[in-house]
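Participant: predicted model and sequence below, questions to follow.
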Amino acid sequence: MSLEHSPARHGSGAVAATAADDTFMPQRAVSEMLGVSERSLERWRLQGGQIPFRKFGRRVLYSRADVLAWADSQRRTSTSDDGKSA
């Protein structure tokens, strides 16, 4: 059964994962959630080191938990904060 026709599909375009609290989200949903362009997400995947993603055939999906963890890692307290100190 393909993910597109899975009964676990939600109206928002997210696909339920097997983990209880995890949801897989398509690129468009992540783009809207973070307020960044889909092209930025594509570039980040190419460069590596940003938001972890999964590939199911040609389909790219992001774990909601991974997106939120990445967003938390981007938290800064000032413009001079490089995010490397604890």
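Facilitator: Perfect, I can see it now.

Participant: give me the element the residue most central in space within the chain is part of.
Facilitator: Note on the chain: the residue nearest the mean C-alpha position is Tyr62, at 3.7 Å, using Cα atoms, centre = their mean. With elements delineated by DSSP states H and E, Tyr62 resides in strand 59-63, which encompasses its position.

Participant: adjacent strands (with direction) for that strand?
Facilitator: Strand 59-63 has its sheet partners listed here by DSSP bridges as strand 23-26 (antiparallel), strand 54-56 (antiparallel).

Participant: with respect to burial, which of those strands scores highest?
Facilitator: Between these, the one whose residues have the most neighbours on average, counting mean count of other Cβ atoms under 10 Å, is strand 23-26 (a mean of 21). The way it works is simple: take the backbone N, C-alpha and C, and place the C-beta from them, glycine included.

Participant: following that one, which helix or strand shows up next?
Facilitator: Moving toward the C-terminus from strand 23-26, the first helix or strand encountered (DSSP H and E) is helix 27-34.
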